[in-house]
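Peer 1: Build the 3D model from these lines:
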Amino acid sequence: KMLYIYVPERLRGASFLGAVFIVAPIFLFNSSYLYPSWVALFPVVGTILILMFGDEKHSLTGKAFAIKPMVYLGKISYGTYLWHWPLIVAVIYSGTRMNDEIRVMIMLASFVMGSLSYHLVETPFRKTSVKKKNKLFLYFFVQLGVLLAVAWYLWQQPGRADEGEGPRVAVLKTQVDANHDGWNDCWGHTTPETFCRMGADKEAPDFFLWGDSMANSSFWAFDEYGRARDEAGFLATSPGCSPIDGGGPTEKCVESNAAILDYLDQAEPMDVFLMSRWSYLALGLGHFGDVPGQVPMFLEDGSVAPDNFPAFMERLDKSLARLSARHNVYLFMTMPKFDTSVPRAMLRNVRFGAQLPVQTLAEYEAREAETNAAVTEIAETYGVTILEPHKILCETGTCIIEMDGLPLYMDQVHLGPRGNDFLRDYLFDQLGRTP
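Peer 2: Coordinates of the predicted model:
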């Protein structure tokens, strides 16, 4: 509060700016942005501004935060914070599909549990006199009893610490979010000097892999593919950014795609591989269930498409026409996607006997059919070779999630080390081990 004595009048609106910084990311950023990254500065700086300049005697924002409902939220906030993560973990471990409705329920349940904790645990404990030792011992033994009961329950679960389980768990842990060393360094580059290199140690590229995070997760497969064929390759990748001209989930994506296409217009003819979750942008399916309209599509003029699908297909048509006029173009259909992290689900299965995620071919086609049909029609118009690894993964009617006991994915959709082995062999089957 004493800080206000020394704060110039013109800075006393800083607390409102802080509130804007906290709220703005909800509307400005989507799942295509990397996190943690610089975007975290917005709520951090916003919080600092409110703490420094949000005194209720000098700030309207401070007065707003001083009303009784906001004060009460502040009182239960720590308990709410403590409860929200166990609730998320419980939902994930139960195999429940995470979507917006479930997230809202978790948030509300966190507030309820935070309130109960405040009234039934925090407040009584604060008011307990240290002189009343019997009551303190009672609290301690109740807490100990709860912990012992939970430990006993976990001990009784199937898959508990049997012989040989430890090494398998250790191996599966290495597969969680297992990506190549250059994963973070490969994002967003648009020039031959900065593209990530794959394959043989040669100056001029023989192939070019371009796509969203699916392309980045396929680095190992294409690196080994190139080395086996003595071919060099470039990787151009941006998260959530489908390889099309004039469209993307962010304006930066549109600019990057334009620069990459300009490069390819001038490059020597080569094999160009396009890889993406096409429905992510075409239908706006996003990461939170199969609900269309979650992802906006920015256009080259800075506007947002009123309907993603026709705008996306128009720009894909233009892109394939432009690329196929100079290069041999190969287009991967969307890979299967699961509701939860595959390696984490396999860990839960080993440890607790939890159910493994299932994706049937029928479910895949129901989600991807409209996009795949339109993409196929456009690709065939320009003689683009279509690659469909999902037909092998799902040929029995249920899409496989592991080979040789190792998950194909490092999360719910991106290929892990074993998935890259599969993709490498698929490339050899389709294109050969020699050029």
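Peer 1: helix, strand or coil for F309?
Peer 2: Recorded secondary structure, F309: helix (DSSP: H, G, I helix; E, B strand; the rest coil).
Peer 1: Next, work out how far apart it and E368 are.
Peer 2: 13 Å (CB to CB, to the nearest Å). C-beta: built from backbone N, CA, C; applies to glycine.
Peer 1: Quick one: name whatever helix or strand follows the lengthiest helix in the chain.
Peer 2: Of all the segments of type helix in the chain, defined by DSSP state H, the longest one is helix 68-93. Per DSSP states H and E, helix 68-93 leads on to helix 100-117 as the next helix or strand towards the C-terminus.
Peer 1: Quick check: buried residues in that following helix?
Peer 2: Buried residues in helix 100-117, defined by neighbour count with 16 or more other CB atoms under 10 Å: I102, I106, A109, S110, F111, M113, G114, S115, S117.
Peer 1: which helices and strands does it pack with?
Peer 2: helix 68-93 (3 or more CB pairs under 8 Å, 6 or more residues apart in numbering; DSSP states H and E).
Peer 1: Point out the other helices and strands that the helix it packs on packs with.
Peer 2: Identification of packing neighbours for helix 68-93 by 3+ CB pairs under 8 Å, 6+ apart yields helix 60-65, helix 100-117, helix 342-352.
Peer 1: Can you add mean pLDDT and give those helices back as JSON lines?
Peer 2: Below are the helices and strands packed on helix 68-93 laid out as JSON lines (pLDDT from 0 to 100):
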{"stretch": "helix 60-65", "mean pLDDT": "84"}
{"stretch": "helix 100-117", "mean pLDDT": "91"}
{"stretch": "helix 342-352", "mean pLDDT": "87"}
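Peer 1: Nearest to E300, out of those?
Peer 2: Among these, helix 100-117 comes nearest to E300, with 30.1 Å by CB to CB.
Peer 1: And the contacts of that closest one?
Peer 2: Residues outside helix 100-117 that contact it (CB atoms under 8 Å, 6 or more residues apart in numbering): 76-84, 87-88, 91, 96, 288-289, 291.
Peer 1: Least confident of these?
Peer 2: The member of the contacts of helix 100-117 with the lowest pLDDT is F288, at 53.
Peer 1: all strands of the protein, in order?
Peer 2: Taking DSSP state E as the test, the strands found in the chain are 196-199, 207-211, 232-237, 247-248, 271-275, 298-299, 328-332, 385-387, 402-403, 406-407.
Peer 1: Comparing the ones you listed, which comes out most buried?
Peer 2: Among the strands of the chain, judged by mean count of other CB atoms under 10 Å, the one packed with the most neighbours on average is strand 247-248 (a mean of 28).
Peer 1: Where do the helices of the stretch 201-350 of the chain begin and end?
Peer 2: Ranges of helices in the stretch 201-350 of the chain, per DSSP state H, counting those that start in this stretch, are 213-216, 219-228, 251-266, 278-282, 308-324, 342-352.
Peer 1: winner for burial among those helices?
Peer 2: Scoring these by mean count of other CB under 10 Å, the most buried comes out as helix 278-282, with a mean of 28.
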